[in-house]
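Asks: 3D, please:
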Amino acid sequence: MVHVVAMDNPLSRTSSYSGSRRGSADLSTLDQTNATQQLTVSKKLGKIGVTLSNDEHGGVIVTHLLPGSQAAQVGLNVGDVILSVNGILCSDHRVAIQAIDDAPDTVAFVLKGLTHRAMVDKSTGKVGITCRNRTEKGRGVQVSNLVPGGSAQRAGIMVGDVLLSVGGTLVDHHEHAIELVDASETRFEMVLLGTTRCLVLNKMLGDVGVTFANNIRQEPGVVVVGLEPGKLAVQSGVQLGDVVLSINGQLVDSHGEAVQYLDAATAQVYLVLSSEKADISGVLSDMTTSCTNKH
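Replies: From the prediction side, this is the model:
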């Protein structure tokens with residue numbers, strides 16, 4: 001059974017960081033990908049149990065899942081965007097529902113990007129999460145601060161993550177997100193966009209060796225446009241085009257902030273990277289001057 005809800009700055013400067021206050025290169029290796037993913041369900045095994053609506057940014061968005069349904073069991077999340085169903089492109093939720101109804105059994109959903117779930121337990125103390133509205137067009141809100149040791153941080157949520165839904169409800173803005181957290185049960189799920197990864201560097205071991213530029217797409221973070229061979233950034237797995245969302249728990253909105261936060265770190269540096277790479281050629285071509293600050 002399918003449940004349906006019908007709803008209808010050129011930035012030209014870069015900052016180079018070679019900081020010598022020294023990181024171990026502990027590498028967390030969550031996969032990064034811009035690719036779509038496919039999930040397959042069988043109608044013969046039970047209710048699909050998904051509610052769909054049109055997404056203003058393109059495609060069809062999942063707005064509700066029946067607990068224990070086939071869609072929920074295979075990993076579909078509230079906040080997922082469906083691009084096609086059984087090979088049929090879906091620009092409208094009615095097309096998606098028709099494709100599901102027409103399928104004799106197997107239903108293959110192709111999803112835009114990746115999402116993942118984080119289980120938060122309020123019984124262990126304060127959730128400790130602050131969000132802000134996204135500066136660019138897109139779903140959800142961005143995590144802007146986490147209380148150290150809070151249940152959100154223990155659940156693996158990172159500063160810079162994009163929060164799509166709380167307890168099965170889509171998030172519209174940052175105040176809505178906090179309202180949902182406050183009203184949630186003791187244990188609840190948060191759905192996050194992409195698969196951010198955290199790299200840990202120890203400045204006591206050498207220079208960082210990275211150059212940043214502002215993100216020209218008006219999206220959060222700064223773009224890695226230069227790396228010094230053999231330095232900590234390269235050793236830890238940082239790559240050209242990576243987008244750094246936060247440094248040591250602080251959102252990064254400009255190359256200057258990135259250098260400031262790296263300078264302030266005396267030992268360990270925690271870099272949270274986006275799952276999506278930037279168009280580095282576009283970043284470089286948009287730069288009208290090359291004003292580089294070296295540390």
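Asks: could you pull out the helices for the stretch 1-150 of the chain?
Replies: For the stretch 1-150 of the chain, the helices defined by DSSP state H, counting those that start in this stretch occupy 70-74, 93-102.
Asks: Please tabulate those helices in a markdown table, including the columns mean pLDDT.
Replies: Below are these laid out as a markdown table (pLDDT from 0 to 100):
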| stretch | mean pLDDT |
| --- | --- |
| helix 70-74 | 92 |
| helix 93-102 | 95 |
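Asks: Serialize those helices to CSV and add fields for distance to residue 252 and mean neighbour count.
Replies: Where you see a C-beta, it was placed from the backbone N, CA and C, and this is true even at glycine. Shown next, in CSV, are those (distance: least, Cβ to Cβ, whole Å; neighbours: other Cβ atoms under 10 Å):
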stretch, distance to residue 252, mean neighbour count
helix 70-74, 35, 19
helix 93-102, 36, 18
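Asks: out of the ones you listed, nearest to residue 38?
Replies: helix 70-74 (10.3 Å; Cβ to Cβ).
Asks: Look up how far residue 220 lies from the residue lying closest to residue 89 once chain neighbours are set aside.
Replies: Distances taken as Cβ to Cβ, 6 or more residues apart in numbering place residue 83 nearest to residue 89, at 6.9 Å, with adjacent residues excluded. Using Cβ to Cβ, to the nearest Å, residue 83 is found at 24 Å from residue 220.
Asks: can you check residue 100 too?
Replies: Taking Cβ to Cβ, one finds residue 100 at 35 Å from residue 220.
Asks: One more: residue 122?
Replies: Residue 122 is 27 Å from residue 220, by Cβ to Cβ.
Asks: Also residue 65?
Replies: For residue 65, the distance to residue 220 - Cβ to Cβ - is 28 Å.
Asks: per-residue confidence for the nearest residue to residue 173 once chain neighbours are set aside?
Replies: Closest residue to residue 173 apart from its sequence neighbours, by Cβ to Cβ, 6+ apart: residue 133 at 5.5 Å. pLDDT recorded at residue 133 is 92.
Asks: and if you look at residue 18?
Replies: On pLDDT, residue 18 comes in at 46.
Asks: Counting neighbours, what do you get for the residue nearest to residue 173?
Replies: Using other Cβ atoms under 10 Å, residue 133 is surrounded by 14 other residues.
Asks: and residue 161, what is it in contact with?
Replies: Applying Cβ atoms under 8 Å, 6 or more residues apart in numbering to residue 161 gives the contacts 142, 143, 192, 193, 194, 196, 245, 272.
Asks: now the third one, nearest residue through space, not along the chain?
Replies: Leaving aside its sequence neighbours, residue 192 sits nearest to residue 161 (Cβ to Cβ, 6+ apart; 4.9 Å).
Asks: So between residue 122 and residue 220, which is more surrounded?
Replies: More crowded of residue 122 and residue 220, by other Cβ under 10 Å: residue 220, with 22 against 17.
Asks: Could you confirm that one falls within a helix?
Replies: No: counting by DSSP: H, G, I helix; E, B strand; the rest coil, one finds residue 220 to be coil, located in no helix.
Asks: and it, what does it touch?
Replies: Per Cβ under 8 Å, 6+ apart, neighbours of residue 220: 134, 135, 136, 142, 160, 243, 245, 251, 252, 253.
Asks: what separates it from residue 37, distance-wise?
Replies: The gap separating residue 220 from residue 37 is 23 Å, by Cβ to Cβ.
Asks: where are the low-confidence patches of the protein?
Replies: Judged by pLDDT under 70, the chain has its weakly predicted residues at 1-35, 217-218, 286-295.
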